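*Asks:* I need the structure of the sequence given here:
(chains A and B)
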2 protein chains.
Amino acid sequence: VRPPKAALVCVGSELLAGQVNTHQAWLSVRLRAAGFVVVGESSVPDDVDAISAALKRALSSADAVLVSGGLGPTFDDLTREAAAKALRRGLRFEPALWKKILRRFARYHVKVPQENMRQAVRIAGAKILDNLNGSAPGQFLTAGRKSLSLMPGPPSEMYPMFESLVLPLLAARHARNIHPVEFSVRLSGVPESVADERLDAVRGRWPKVRFTILASGGEVSFHASAAQRSAAMARGMRKALRADILAAVGEFAHGEGNTSLEAALGARLRKKGLTLAVAESCTGGMLGARLTSVPGASSWFQGGVIAYADSVKRNRLRVPAALISRCGAVSAECAAAMARGARRATGSGAALSITGVAGPGGGTKDKPVGLVFIAFDRVGAKTQTRRLMIHGPRETVRQRSTTSALRLAFDALG
Amino acid sequence: VRPPKAALVCVGSELLAGQVNTHQAWLSVRLRAAGFVVVGESSVPDDVDAISAALKRALSSADAVLVSGGLGPTFDDLTREAAAKALRRGLRFEPALWKKILRRFARYHVKVPQENMRQAVRIAGAKILDNLNGSAPGQFLTAGRKSLSLMPGPPSEMYPMFESLVLPLLAARHARNIHPVEFSVRLSGVPESVADERLDAVRGRWPKVRFTILASGGEVSFHASAAQRSAAMARGMRKALRADILAAVGEFAHGEGNTSLEAALGARLRKKGLTLAVAESCTGGMLGARLTSVPGASSWFQGGVIAYADSVKRNRLRVPAALISRCGAVSAECAAAMARGARRATGSGAALSITGVAGPGGGTKDKPVGLVFIAFDRVGAKTQTRRLMIHGPRETVRQRSTTSALRLAFDALG
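*Replies:* Numbering: from 1, shown residues only, chains lettered A, B, ... in the order given. Alright, predicted model coming up:
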């Protein structure tokens, strides 16, 4: 089975001037899940010739070309013109489409600028894709066996348009007899080199599967994708692949698919009927922010104390002053006392704490930058602590400490 | 003055499988500051033909081509081979370079895998760029008036190599008589439409300057760049440009260059000798995390309370139970009481608080998703509160609330 190929063209001068390109990763993940192989991406400025050249190149290398951006109403929104040029098609103003855009504006009691008429221009042969979240309609074109999907740039407009309109069109056109196989797992609490080594062995056993490993902030995502001729074959392959991957790295897995570590921990807390609190020194709230990124966190997260200054550790977490002067604020003893303090202060069943030297300043010979202690305390159980030594800049130390703390609690509740 | 053109080629299959491409933005910003115009970027998989084709295209459109990734020791690190192919140059194993790599490994007492010998292969005519943070050396090539810079993919290796070795080579080759003009300003506390309108007027007055506006999480970055024939002309233009931009949007500026809002607030706190505390409900620690991302925050940040549950608001921040039952936890009154409570609990001179409905659940007719109250309290002054209504998903509500809170304190201390 030859999987269909997709190529991305991201339009916008801002992408070549410091704006982070998030569409590339977002679309890649979803196209792969639908059975496509993404063969390339290019970012081009708001320039008709540059966009048109990129579209031609993409069409020559892929079955499906996905374009984001350049569909707005202003003079530098040029994707329509560039696509018409690349495909040698005409452009026509569509009064019916213009009426639709006018109705949309009317609903929000907004006066329509004249320049928005550009958005009612359709490329010959294009299917118009309604935009429920903005004024720029998308357009879907075919040329021989290839397709070209034009989508607006803002994520709030592009994401729903891709999922509800573009993806079904692409699947019907390019992946009709393709049954995608996809499995992904997220790991934490494992050195990257160990994950790499074990996963290399998995790769060797599945030569026809495409694998990707992404590591960031102390977590590892491992993806496998392939295509089969029938749904039954796809199911069978997925089952065997899943079993093989989990046999290799299952002990480090905190979830399958997109499950974040914080969501996986939340699920364990909820299952046990426990509530969690935090006490954070060097991470300054990052652990709480990650926990509360999970919708519905209020059913298992209570809150906690950001104890950046030692006075807050003493007064709000009841860490004894003598302990701090004996062991230091960056110590296993202090981490343990902070966790116990946070649990009591909030009346929670469990608590996590982090204290360390995030840098770049503040390191000493005994307590160097990157030294971090984390602790997990649970009612009726012994407090667990871990010593971490993290190499890297301030934000790396903070992110990895946070991940390690989440994993400590996840393991303790396993 | 024609500014030199740069193009980026990012090598790595992971960039087409979900890894966010951060090199594109990072390099774009630095190249622009050095007087280059970035004319395009492409991401290609680990495939000799794909990389080679991308390099040829980039060389045809730009003066300087910058390549990241594919210089590692494994079979899928193919940038050297692809560059040799694109330029029709030979490749030679260099014993002296191999010895250098061996010495590097020896210093870390690591046994060198045989496969690392690939990293000692030099493209004919290339200047080798030492890698102080990894085993993959970079290579710098010229072809006619053009240049090709090959750099390793990991940011910890690429960033220092670019700044210390590649940028000086590029400046000497392509921008010898170019005097770059750059000014950027960061804004907050302004609706994007207002910023857009005022900045459009600025754009109109400077037809030869390239402008970029980036908006994210409630903040707006505005960049201007141009090139001049002499250093004096560049200084003069920068001065006039800066004055014009600040006249248009100075009231919303929290800093010039890369100054983050949290760093700008920290500077004001330090200047006034004030310390800050936080009380966070729906943001769960995000405000504290941002404040403590600033190195040296301990001189003005004390800590605070993550009061996700109402019991924590009552018990740790002394928000009266009667207030919560009368006004609700999402109210200006509660925000004010939380800020006062955080200030007292930590003994700080000032405090910021956030309480709101981040969604997706938890909204009611009176208190819909996106409704957020923030407050700033300072010893000896009236507590200030603001009501925000933020449209968007959970993380947007949380990020924008955090930015608004930081800006509220920034303004109050102005």
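
*Asks:* neighbours around A:S293, how many?
*Replies:* 18 (other CB atoms under 10 Å in any protein chain shown). In short, each C-beta sits where N, CA and C put it, glycine included.

*Asks:* near chain B, which residues of the stretch 151-300 of chain A show up?
*Replies:* Neighbours of chain B within the stretch 151-300 of chain A, by CB under 8 Å from any CB of the partner chain: A:156, A:210, A:212-214, A:221, A:223, A:275, A:278, A:280, A:282-289, A:291-293, A:295-298.

*Asks:* 6 Å - rerun?
*Replies:* Residues of the stretch 151-300 of chain A lying near chain B by CB under 6 Å from any CB of the partner chain: A:212, A:214, A:284-286, A:288-289, A:292, A:295.

*Asks:* contacting residues around the helix or strand encompassing A:A227?
*Replies:* For A:A227, the host element (DSSP states H and E) is strand A:219-228. Applying CB atoms under 6 Å, 6 or more residues apart in numbering or on different chains, the external contacts of strand A:219-228 come out as A:1, A:3, A:32, A:35, A:178-188, A:195, A:199, A:208-214, A:234, A:237, A:241, A:403.

*Asks:* Next step: those residues restricted to strands.
*Replies:* The members of those that map onto strands under DSSP state E are A:179-188, A:210-214.

*Asks:* Output the residues of the stretch 151-300 of chain A next to chain B as JSON lines; include the columns pLDDT and neighbour count.
*Replies:* JSON lines is the format used below for these (pLDDT from 0 to 100; neighbours: other CB atoms under 10 Å in any protein chain shown):
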{"residue": "A:T212", "pLDDT": "86", "neighbour count": "19"}
{"residue": "A:L214", "pLDDT": "84", "neighbour count": "18"}
{"residue": "A:G284", "pLDDT": "98", "neighbour count": "31"}
{"residue": "A:G285", "pLDDT": "98", "neighbour count": "29"}
{"residue": "A:M286", "pLDDT": "98", "neighbour count": "28"}
{"residue": "A:G288", "pLDDT": "98", "neighbour count": "32"}
{"residue": "A:A289", "pLDDT": "98", "neighbour count": "27"}
{"residue": "A:T292", "pLDDT": "98", "neighbour count": "28"}
{"residue": "A:P295", "pLDDT": "96", "neighbour count": "15"}
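
*Asks:* can I get those in JSON lines with distance to B:V48 and secondary structure?
*Replies:* Below are those laid out as JSON lines (distance: CB to CB, whole Å; DSSP: H, G, I helix; E, B strand; the rest coil):
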{"residue": "A:T212", "distance to B:V48": "19", "secondary structure": "strand"}
{"residue": "A:L214", "distance to B:V48": "23", "secondary structure": "strand"}
{"residue": "A:G284", "distance to B:V48": "46", "secondary structure": "coil"}
{"residue": "A:G285", "distance to B:V48": "47", "secondary structure": "coil"}
{"residue": "A:M286", "distance to B:V48": "42", "secondary structure": "helix"}
{"residue": "A:G288", "distance to B:V48": "47", "secondary structure": "helix"}
{"residue": "A:A289", "distance to B:V48": "43", "secondary structure": "helix"}
{"residue": "A:T292", "distance to B:V48": "47", "secondary structure": "coil"}
{"residue": "A:P295", "distance to B:V48": "45", "secondary structure": "coil"}
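
*Asks:* ok, of those, which one's closest to A:A263?
*Replies:* A:P295 (8.9 Å; CB to CB).

*Asks:* Out of the ones in strands among the contacts of strand A:219-228, grab the one that's most surrounded.
*Replies:* That'd be A:L187 among the ones in strands among the contacts of strand A:219-228, by other CB under 10 Å, with 26 neighbours.

*Asks:* Any idea how many residues pack against A:A307?
*Replies:* So A:A307, with other CB under 10 Å, has 32 neighbours.

*Asks:* mind checking which helix or strand the nearest residue to it once chain neighbours are set aside is in?
*Replies:* Closest residue to A:A307 apart from its sequence neighbours, by CB to CB, 6 or more residues apart in numbering or on different chains: A:K313 at 4.3 Å. Taking DSSP H and E as the definition, A:K313 sits inside helix A:310-317.
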